[in-house]
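Peer 1: give me the fold of what follows.
(one chain, ligands or ions: 1)
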Amino acid sequence: MVGGEKMLIAVSGTPGVGKTTVAKLLAEKMGYDYVDLREFALKHRIGEIRGDELEIEFDKLAYYVKEKLKNRNTVLDGHLSHLMPVDQIIILRAHPKLIGERLKERGYTKEKISENVEAELVDVCLLEALDENEAIIEVDTTNKTPEEVVNEILSLLERGIKRKIGIVDWGKVYDDIIPYLNLGGDDEWV
Ligand SMILES: Nc1ncnc2c1ncn2[C@@H]1O[C@H](COP(=O)(O)OP(=O)(O)OP(=O)(O)O)[C@@H](O)[C@H]1O
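Peer 2: Here you go, the predicted model:
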């Protein structure tokens with residue numbers, strides 16, 4: 001697609017935002033390979049597992065991504081994929097309350113939930129991506145199906161749009177998010 005050039009596309013965003021769901025569907029619709037960045041790192045023995053976290057050697061991972069995945073049509077899924085040398089970054093966004101609900105359902109600790117809700121609130125992935133790459137497309141997934149999100153991405157790529165940022169402002173819905181933040185005291189916790 002897009003003039004037949006090979007593309008490496010990163011799908012990133014806060015845990016629970018829907019990266020895996022969207023990245024798999026996007027890869028399927030584009031006829032691209034799907035690669036999970038964590039599995040890729042493990043396969044190439046980059047980094048080590050400490051507890052349930054994978055500590056990654058960043059430079060080595062970026063090197064491998066460039067060597068193995070560049071110039072192959074690939075969708076790269078992972079919350080660190082926006083830090084890799086890719087051609088296009090897609091940052092998925094969702095109302096932080098949705099992130100909170102999804103992570104609660106997954107049994108995450110209060111601390112982990114509030115950490116991720118806050119990361120979504122203050123645009124952590126976007127800000128990190130801005131340091132790395134010009135080609136960043138943000139998509140708000142709130143109240144959309146994965147299919148709708150993928151169609152939105154495809155439509156932008158087909159029109160040659162590589163940059164679309166600043167589309168959400170969760171500060172406006174801060175009051176809805178307070179219960180998910182660990183602001184001290186357990187009273188407010190939902
Ligand atoms: N518009 C949407 N886009 C993507 N996922 C959605 C959407 N609406 C609802 N969902 C649901 O949200 C959940 C997202 O889970 P998924 O594993 O894809 O997230 P993730 O960002 O990859 O998480 P993690 O970073 O922890 O791996 C799924 O259950 C999915 O069905």
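
Peer 1: what comes up buried for stretch 45-62?
Peer 2: Buried residues in stretch 45-62, counting neighbours by 16 or more other C-beta atoms under 10 Å, are found at 46-47, 54, 56, 61-62. Using the backbone N, CA and C atoms, a C-beta is placed for each residue, glycine as well.

Peer 1: same question for stretch 102-111.
Peer 2: Buried residues in stretch 102-111, counting neighbours by 16+ other C-beta under 10 Å, are found at 102-103, 108.

Peer 1: how far away from the center of its chain is stretch 27-36?
Peer 2: Computed by C-alpha atoms, centre = their mean, to the nearest Å, the chain-centroid distance of stretch 27-36 equals 15 Å.

Peer 1: residues contacting the closest residue to the ligand within the chain?
Peer 2: For the chain and the ligand, the shortest gap (C-beta to the nearest ligand atom) falls at Gly18, measuring 2.4 Å. Residues near Gly18 by C-beta atoms under 8 Å, 6 or more residues apart in numbering: 92, 94, 141, 146, 149.

Peer 1: for PyMOL, write the select line for the buried members of those.
Peer 2: In PyMOL, selecting the buried portion of those, with burial taken from 16+ other C-beta under 10 Å, looks like this:
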select buried, resi 92+94+141+146+149
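
Peer 1: among the contacts of Gly18, which pair sits farthest apart?
Peer 2: Spatially, the most separated pair among the contacts of Gly18 is Ala94 and Pro146, at 11.7 Å (C-beta to C-beta).
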